[in-house]
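Chemist: got a predicted model here, sequence first, then my questions.
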Amino acid sequence: MPKPRAQIDERVLWIELCRQVLDPETMESRVRLWAARSRGGVVGLVVVLGLLYAPLAGAQKAPPGQAAAAAYAAANAGPEHSDHNEDEKEAESDQDTPRRAIERFLAQAQSGDYFKAAEAIQVSSTNVGDGADKARKLAAVIERRVELGPEQLAKLSDLPGGNTSDGLKNQDVIGRIDMPLGSETLRLQRTGTPGARRWVFSPATVQRIEAWYERLEDHWVLETLPDALLSRGPLGLLIWQWLALPLLILLSGLGGIALSVVLRPVLRKLLHSRELWVAMIERQRGPLWLLFGALFATLMLPLLYLTPVVSQPVRALTHIGIEMSLCWIAWRVADVLTTRARLLQWLEARPGLRGVLPLIRQLIGIGLAAIAAAIALSELGLSLTSVMASLGLGGLAVALAAKTTLEHFFGSVTLSVDQSIRVGDQVRIGDTIGIIEQIGMRSTRIRTAERSIVTIPNGKVADMQIETIAARDRSRFFLSLGVVYALKPAGLRSLREALIKCVRSHPKVWPDVVRVHFTGLTDSSITVEITAWFQVTEQDQFLEARQELLLQLLEVIETFGATPAFARAAAAQAASK
């Protein structure tokens, strides 16, 4: 209760007299002690401090008596200014809305300030702890049973009068809570007098808090664990959930490994007569570990009592693990099938189709990786339609930026389909001669005779002239030899017949076509050309066969008394020395 005006005037005069006689600092401490013991209490302390420190009106420096005058003026201030502030506060409090009330309650509960959150709960008990306990329990119920995400909050009324279209006067339904006998409503109610209206939880809602709380699966955890473990950590998880999560992941991994180790031998035993199935099972160790581990994690997640908001991304991660493991299994199966398909006799007779298998294997891997990525994005809440649209625009940009790379990729497709070259073939591409070691997605690698590696982009290989040496069925033998004029025409005819017979008698020469002809006359010799084909394709075999035939031809020529022109020239050069 404010003091009478006359009593305040006496104090002002008494303080002014003391300040003029005594030391100001000592007087300040004494006045504080007097104000604390007087009937004015806190009001007296505020008045005294104002008397000591408030500046006088119209003075540049505050003299000792200015504080008392300022305090006196403040104590006797008219009601006009305070009435104006009260009107503003009343107008501001009347602007409370259901959306603001529920957002305020959730924010206070999220920060752990349940005493502040209890202002939205009307309890009959005078103990403030009861209200805070009710607020804590109601916050737990809302977090686990009522979906109040950004979309749901945006649908709540943001008008001071609430939603007037639902037929409920001064009440708004926030959500529904499932109970054994049906769903029950969670409501806010507008209370207070004009100028001090606010939205709080309705009495019916407050009355049902205990029943709702008892129906929570983890209410015993919330009542048993200490507050330190129930505090909220990153990503909305409680501290005890963060501590239990690594243990759950470890147990899930061990369970997946154990089940995989037990199941694979059983499947091998059941399918022992089917070699292909056994080969597929042998390749599934890693994928089965991931699959069973993700399944165990999905089954054990309820032990963490995650709230709906937090459990959604966590469950999405386990689902992604399951789906990725299935794609991994499909990739391993495709790998086994393409590898085994190359050994089929049907494909052995069709080298064109057999050569396409490596490309098919790579395309299957790319397709499965794309499917796994699309499923993962879908589980994380992204729309596949928007993702595909983004990929379309991004693909166009990538295609323009990676024109050369795409050219080489389609070059590899052309080489695989056309089968102009295959791994292991000896080829001549441009100036490079060697054996094909690898036909990749971008380039082809050739091992030369010097054992070096030449890498040529597939886009260029597809446009270049390719000579596949390994594809020939015979190796051509050609010899141009000059014979000196030591024989008459009849002797030359006999020499030709002897050379034809010598070539055809070689065991590796194809006998159907052997050509021996005199093709020209020079000043010192007559030119004879010999053409034949060896029935060999390997380079080493060809070199050996050609060497034997050359020696036999020299023996035939010497038998007829003729001399090769190069031998005559070599002898003349030696005699001149």
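Modeler: Sure thing, it's come through. Computed from a prediction, not measured in an experiment: that's the story for all the values here.

Chemist: burial check on residue 533, number of neighbours?
Modeler: For residue 533, the neighbour count with other Cβ atoms under 10 Å is 19. From N, CA and C alone the C-beta is placed, and that goes for glycine too.

Chemist: wasn't it part of a strand?
Modeler: Yes - according to DSSP: H, G, I helix; E, B strand; the rest coil, residue 533 belongs to a strand.

Chemist: right, and it touches residue 515 too?
Modeler: No - under the criterion of Cβ atoms under 8 Å, residue 533 is not in contact with residue 515, lying 10.1 Å apart.

Chemist: mean confidence score for stretch 430-446?
Modeler: For stretch 430-446, mean pLDDT rounds to 79.

Chemist: that one: end-to-end distance?
Modeler: Terminal residues of stretch 430-446 are spaced 12 Å apart (Cα to Cα, to the nearest Å).

Chemist: and if you look at stretch 189-196?
Modeler: 14 Å.

Chemist: and what of stretch 508-516?
Modeler: 17 Å.

Chemist: how far does it sit from the chain's center?
Modeler: 67 Å (Cα atoms, centre = their mean, to the nearest Å).

Chemist: check stretch 451-460 too.
Modeler: 34 Å.

Chemist: for that stretch, buried residues please.
Modeler: 454, 456-459 (16 or more other Cβ atoms under 10 Å).

Chemist: so of those residues, which ones are in helices?
Modeler: Using DSSP state H, the subset of the buried residues of stretch 451-460 located in helices is 458-459.

Chemist: and of the buried residues of stretch 451-460, the nearest to residue 508?
Modeler: residue 454 (31.4 Å; Cβ to Cβ).

Chemist: for the closest one, what are its contacts?
Modeler: Applying Cβ atoms under 8 Å, 6 or more residues apart in numbering to residue 454 gives the contacts 432, 434, 445-446, 448.

Chemist: quick one: least confident helix or strand in the protein?
Modeler: The helix or strand of the chain with the lowest confidence, counting by mean pLDDT, DSSP states H and E, is helix 42-53 at a mean of 34.

Chemist: quick one, strands of this structure?
Modeler: 171-179, 182-191, 198-201, 426-429, 432-439, 443-448, 453-457, 466-468, 475-484, 515-521, 525-534 (DSSP state E).

Chemist: where are the low-confidence patches of this protein?
Modeler: 1-94, 124-128, 345-356, 359, 383-420, 441, 470-471, 565-577 (pLDDT under 70).

Chemist: contacting residues for residue 433?
Modeler: Counting by Cβ under 8 Å, 6+ apart, residue 433 has contacts 426-427, 448-449, 469.

Chemist: does residue 475 touch residue 543 like I think?
Modeler: No - counting by Cβ under 8 Å, residue 475 stays clear of residue 543, with 9.4 Å between them.

Chemist: the more surrounded of these two?
Modeler: residue 475 (21 against 12).

Chemist: roughly how far does that one sit from residue 545?
Modeler: Using Cβ to Cβ, to the nearest Å, residue 475 is found at 8 Å from residue 545.

Chemist: same thing with residue 431?
Modeler: 27 Å.

Chemist: comparing the two, which shows the higher neighbour count?
Modeler: Using other Cβ under 10 Å as the criterion, residue 431 and residue 545 rank with residue 545 on top: 20 against 6.

Chemist: wait, what's in contact with that one?
Modeler: Contacts of residue 545 by Cβ under 8 Å, 6+ apart are 475, 477, 506, 508-509, 534, 536.

Chemist: report how many residues lie close to residue 110.
Modeler: 13.

Chemist: partner residues bridging residue 188?
Modeler: Per DSSP bridges, residues listed as beta-bridge partners of residue 188: residue 172, residue 201.

Chemist: I'd say it and residue 202 touch.
Modeler: Yes - Residue 188 lies in contact with residue 202 (Cβ under 8 Å); the separation is 6.6 Å.

Chemist: and residue 187, how close does it get to residue 448?
Modeler: 85 Å.

Chemist: compare those two (neighbour count), which wins?
Modeler: Using other Cβ under 10 Å as the criterion, residue 187 and residue 448 rank with residue 187 on top: 17 against 12.

Chemist: break the protein into its domains for me.
Modeler: Residue ranges for the domains of the chain, per automatic domain parsing: 5-77, 95-224, 239-397, 412-471, 475-576.

Chemist: on that earlier part again, which one of the strands of the chain lies nearest to residue 249?
Modeler: strand 171-179 (30.9 Å).

Chemist: how far away from the center of its chain is that closest one?
Modeler: Taking mean C-alpha positions (Cα atoms, centre = their mean), strand 171-179 and its chain are 38 Å apart.

Chemist: I'd like the numbering to begin with 19 instead of 1 from here.
Modeler: Right, with 19 as the first residue, what we last looked at is strand 189-197.
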